[in-house]
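J.: have a look at this prediction, sequence included:
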Amino acid sequence: AYVGSVHTVTQRFTLELIRHELIGVVTTNRRRLGWIRRRWRIVRGRPSSTTVPRPRPSTFAEPRSTTGEVGAQGAVLFLLDMKRPADIGLYGRHQRTPGIDGCFGDGARFTRAYSPATNTFYAYPALYSSTYPSTRNHGNNWRTEEPDWFEPAPQALGAIFKHAGFAPVALINQWYRIFFESETRINDDGLSQIFRGFQVRLESGGPADSPEAIGRAYSPDSIPAHGRFLLVVHVVSHRPEEIPEVDQLVERICRDVAAAGRASDTVLLLTADHGVQYGEHGRQTYGRTTFNEEALVPLLVRVPGATPQVVDTPVSGLDHLPTLIDIFDLPTETSFEGRSYLPALLGEQLPPDRAIFVEARSKAPSIAIIKGDTKLIRWEETGAVALFDLALDPGETRNRIDDDDYQTVASELLSELTRFLAQRGQL
C-alpha cells in the first residue's frame with residue numbers, strides 16, 4: 001500500500017526494488033522447493049504437473065519471410081556479453097571500435113534491438129531456440145523445463161544447421177560450458193539440448209573471463225575455404241576497458257574470413273546477450289530490471305550483396321534464428337516466436353506494430369512489452385505497472401500510467417501482456 005501511495009517514479013521504483021530484495025530469499029527457495037517436488041515425482045514415477053499438455057502460445061509463427069534466399073554459404077555470429085549499443089563506435093558515441101566498425105560499416109545497424117531477457121542464463125537459450133524464457137517455463141538460473149510442444153527436443157540453432165549440412169562450431173570459454181557441455185549439472189533438464197549440434201572448441205589456460213580466452217580457442221581453420229559453415233563466437237567481457245580487446249578479436253576473425261575468400265558469401269552478425277545499468281535507475285548491475293539500459297543491445301548484420309541500412313523498427317534477440325533460416329532457406333518444420341528481419345536487411349520495412357517482450361527473472365522479476373514507441377513494465381510480485389513513451393522519454397523517467405492521454409494504449413498493452421503470461425501459465 002505504501003509503494004502504491006508514492007507517485008514519483010524514482011521513489012516508487014526504489015521502494016519496489018527494496019521490497020523485492022527483502023523477499024528474494026523466500027522467492028528463490030520457493031522455486032527450489034518446486035524443483036525438488038517435481039524431481040521427486042519423477043523418481044517416484046508420478047506424473048509432474050508440468051507435463052500436462054498446454055496450447056501452443058499464439059506468438060509462434062512460420063520463420064520465413066517472403067523475401068527469398070540470399071546467396072550466402074557461411075555465417076559468423078559474434079555474441080558479446082553485457083554490451084550496450086553505446087559500446088560500439090557505429091552507434092555514434094564516444095567509444096572507438098575501429099575493427100568492428102570496419103567489419104560492419106557496410107552492413108545494417110539496428111537501433112532498437114531488444115534482448116528477450118536481461119540475464120545470460122535466460123537470454124542465450126532464448127536466442128538459440130527463438131523462444132521466450134517464460135515459454136520454456138524457467139524455474140531458476142540452472143534449469144529449464146521444456147513444454148510438450150518441444151518434445152522430444154527443441155529445434156534449435158545448432159541442430160537445424162547441422163541437419164542442413166553445415167558444420168556448426170562454437171568457440172567458448174570455461175564460463176559457457178554450462179550451456180554446451182553434457183556433463184554439467186543441467187544435463188538432464190533440457191537446457192543442453194538447446195545447444196546440441198555444435199562442435200565445441202574450449203579455451204584452455206589463462207583467465208577465462210576475458211576476450212583473450214576466446215582468442216586462444218580460435219584458429220583460422222575455423223573459417224573453411226569451401227563449403228557451408230557456421231561459427232559462433234562467445235566473448236565474455238564485462239569490463240569496459242576490455243572493449244578494445246573485443247574489437248581486435250572481431251577484426252581478426254573478419255580478416256580471416258576475407259583471407260579465406262569467403263567475404264562475398266558469409267553473413268556476419270554481432271550482438272549481445274543483454275545490456276547493463278550504470279546508475280540510470282539507481283543500479284550498477286544487470287538482470288534485475290527490464291529498463292532499456294539492460295534490455296537494449298547492439299545488433300550489426302552484414303549480408304552479401306545488401307546495402308548499408310539503419311533499422312529503427314524494434315526487433316528481438318529471438319529474431320536471429322528465423323532470420324538465418326530465412327537467409328539460407330533451411331528446411332525446418334518448427335515454428336518460432338521470433339520473426340525474420342531479412343526484409344529489413346534488404347531495404348524493406350518491418351511491421352511497426354509487432355509486440356516484443358523482455359523478461360527479468362531475478363529477485364525482482366518483471367516483464368516488459370514494447371509496441372512501437374510505447375513500453376509497459378509489470379512487476380510480477382506486486383503487480384505494479386509503469387508506462388513510458390519512448391519517443392518523448394527514451395530514458396524512461398516519467399511514468400504515464402495515470403495520464404489520461406495514455407489510458408487506451410495502456411489498457412491495450414496490459415491486455416496483450418496478460419494474454420502472453422496466461423498462455424504460459426504465469427498468472
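T.: Here it is on my side, so go on.

J.: contacts, neighbours, all on C-alpha from now
T.: Noted.

J.: helices along this structure, start to end?
T.: Counting by DSSP state H, the chain has helices at residues 2-5, 9-44, 98-104, 120-129, 157-163, 177-180, 191-194, 211-217, 243-259, 292-295, 320-328, 342-345, 407-422.

J.: least reliable of these going by mean pLDDT?
T.: Least confident of those, judged by mean pLDDT, is helix 2-5 with a mean of 48.

J.: residue ranges with poor pLDDT in the stretch 301-427 of the chain?
T.: Within the stretch 301-427 of the chain, the segments meeting pLDDT under 70 span 427.

J.: quick one, strands of it?
T.: Taking DSSP state E, counting those that start in this stretch to define them, one finds strands in the stretch 301-427 of the chain at 309-311, 315-316, 355-360, 366-371, 374-379, 385-389.

J.: likewise for the stretch 51-200 of the chain?
T.: 74-80, 108-114, 138-140, 143-144, 167-172, 199-202.

J.: which neighbours in the sheet does the fifth one have, and how are they oriented?
T.: It stands for strand 167-172. Using DSSP bridges, strand 167-172 pairs in its sheet with strand 199-202 (parallel), strand 229-235 (parallel).

J.: for Asp221, which of these is the nearest?
T.: strand 229-235 (10.9 Å; C-alpha to C-alpha).

J.: tabulate the strands of the stretch 51-200 of the chain (a markdown table), appending mean neighbour count, distance to Tyr124 and mean pLDDT.
T.: Formatted as a markdown table, those follow (neighbours: other C-alpha atoms under 10 Å; distance: least, C-alpha to C-alpha, whole Å; pLDDT from 0 to 100):
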| stretch | mean neighbour count | distance to Tyr124 | mean pLDDT |
| --- | --- | --- | --- |
| strand 74-80 | 22 | 9 | 97 |
| strand 108-114 | 23 | 13 | 98 |
| strand 138-140 | 17 | 13 | 40 |
| strand 143-144 | 22 | 12 | 48 |
| strand 167-172 | 23 | 13 | 92 |
| strand 199-202 | 17 | 16 | 84 |
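
J.: among these, which comes closest to Asp402?
T.: Among the strands of the stretch 51-200 of the chain, the nearest to Asp402 by C-alpha to C-alpha is strand 108-114 (25.9 Å).

J.: neighbouring contacts of that closest one?
T.: Residues outside strand 108-114 that contact it (C-alpha atoms under 8 Å, 6 or more residues apart in numbering): 85, 90-91, 295-302, 307-317, 345, 356, 358.

J.: just the buried members of those?
T.: 85, 90-91, 295-302, 308-309, 311, 313-317, 345, 356, 358 (16 or more other C-alpha atoms under 10 Å).

J.: gap between the two ends of stretch 393-407?
T.: 17 Å (C-alpha to C-alpha, to the nearest Å).

J.: which positions in that stretch come out as buried?
T.: Neighbour-count burial for stretch 393-407 flags 396-401 (criterion: 16+ other C-alpha under 10 Å).

J.: can you pull the contacts of Arg96?
T.: Taking C-alpha under 8 Å, 6+ apart, we find Arg96 in contact with 88-89, 244.

J.: and the residues you listed as CSV, adding neighbour count and distance to Gln284?
T.: Output for those, formatted as CSV (neighbours: other C-alpha atoms under 10 Å; distance: C-alpha to C-alpha, whole Å):
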residue, neighbour count, distance to Gln284
Ile88, 22, 20
Gly89, 16, 23
Pro244, 17, 22
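
J.: return the member of these nearest to Gly158.
T.: Taking C-alpha to C-alpha as the measure, Gly158 sits nearest to Ile88 out of those, at 27.3 Å.

J.: please report phi then psi for that closest one.
T.: The phi/psi pair for Ile88 (degrees, to the nearest 10) reads phi -110, psi 130.

J.: and it, what does it touch?
T.: Going by C-alpha under 8 Å, 6+ apart, Ile88 touches 95-97, 100-101, 298.

J.: can you add distance to Leu79 and give those residues back as TSV?
T.: Shown next, in TSV, are the contacts of Ile88 (distance: C-alpha to C-alpha, whole Å):
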residue	distance to Leu79
Gln95	19
Arg96	19
Thr97	16
Ile100	13
Asp101	16
Pro298	10
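
J.: report the two of those residues separated the most.
T.: Largest separation among the contacts of Ile88 by C-alpha to C-alpha: Arg96 and Pro298, giving 14.4 Å.

J.: roughly how far does the closest residue to Pro55 other than its chain neighbours sit from Ala410?
T.: Nearest residue to Pro55, sequence neighbours excluded (C-alpha to C-alpha, 6 or more residues apart in numbering): Gln423, at 7.4 Å. To Ala410, Gln423 is 20 Å away according to C-alpha to C-alpha.

J.: of those two, who's got more company?
T.: Neighbour comparison, Gln423 and Ala410: the larger count goes to Ala410, with 22 against 17 (by other C-alpha atoms under 10 Å).

J.: could you pull up the residues touching that one?
T.: Neighbours of Ala410 in contact, by C-alpha under 8 Å, 6+ apart: 376, 387, 401.
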